[in-house]
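**Q** The sequence isn't on hand, but the structure is:
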């Protein structure tokens, strides 16, 4: 191995995993998304626990592959990725920085819901381009399971909204 993994800390692994972006939302890392839940080192092995946004997320395999690739760059050969739904993923986990990154990318962040996401379906949706609330949902199904398609009547631009989960 090129690196001395005995000197690598959990903090260094977390920092490295900040470079692994979500395959479907490349403006956010798996750490930003809170998909990576836990990292622990046991000898020369590293264990990562992750919770995808949906149980049937089509990007699970790619996320696991990208995590393994990043950890191999650090010198680890024995890598274990555990998919856990013990604590379901929720958009409430996204901090203000992650929400700002989504908006700058052109995706309206999910409405904060305090554990009641169904109440957000009728909430006003702000256009990430012009900040107008004169918007219309075009399709509840976007390019990924976690996004919806909207249209802004003010600036006449389509945009995506991240579903509140």
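**A** Looks like it came in fine. Note that the coordinates shown come from a computational prediction; the quantities given were computed from them, not determined experimentally. Residues are numbered from 1 along each chain as shown.

**Q** dump the residue contacts of the closest residue to residue 6 other than its chain neighbours.
**A** Distance criterion C-beta to C-beta, 6 or more residues apart in numbering; nearest residue to residue 6, sequence neighbours excluded, is residue 44 at 7.6 Å. (Each C-beta comes from the backbone N, C-alpha and C, glycine too.) Residue 44 makes contact with 5, 6, 76, 77, 78, according to C-beta atoms under 8 Å, 6 or more residues apart in numbering.

**Q** of all those residues, which comes closest to residue 157?
**A** Of all the contacts of residue 44, residue 76 has the smallest distance to residue 157: 43.8 Å, by C-beta to C-beta.

**Q** Need the three-state assignment for the residue sitting nearest the centre point of the chain.
**A** The C-alpha lying nearest the average C-alpha coordinate of the chain belongs to residue 33 (C-alpha atoms, centre = their mean; 3.2 Å). Three-state assignment for residue 33 (DSSP: H, G, I helix; E, B strand; the rest coil): coil.

**Q** Residue 25 is in contact with that one, correct?
**A** Yes: the pair residue 33 / residue 25 is scored as a contact, 7.4 Å apart, by C-beta atoms under 8 Å.

**Q** in the chain, which spans are strands?
**A** 36-42, 45-50, 78-83, 107-108, 135-139, 147-152, 158-162 (DSSP state E).

**Q** Could I get the ones you listed in JSON lines, plus columns for distance to residue 123, mean neighbour count and mean pLDDT?
**A** Output for those, formatted as JSON lines (distance: least, C-beta to C-beta, whole Å; neighbours: other C-beta atoms under 10 Å; pLDDT from 0 to 100):
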{"stretch": "strand 36-42", "distance to residue 123": "28", "mean neighbour count": "16", "mean pLDDT": "96"}
{"stretch": "strand 45-50", "distance to residue 123": "29", "mean neighbour count": "18", "mean pLDDT": "97"}
{"stretch": "strand 78-83", "distance to residue 123": "31", "mean neighbour count": "14", "mean pLDDT": "97"}
{"stretch": "strand 107-108", "distance to residue 123": "11", "mean neighbour count": "22", "mean pLDDT": "94"}
{"stretch": "strand 135-139", "distance to residue 123": "11", "mean neighbour count": "14", "mean pLDDT": "94"}
{"stretch": "strand 147-152", "distance to residue 123": "12", "mean neighbour count": "20", "mean pLDDT": "94"}
{"stretch": "strand 158-162", "distance to residue 123": "10", "mean neighbour count": "22", "mean pLDDT": "93"}
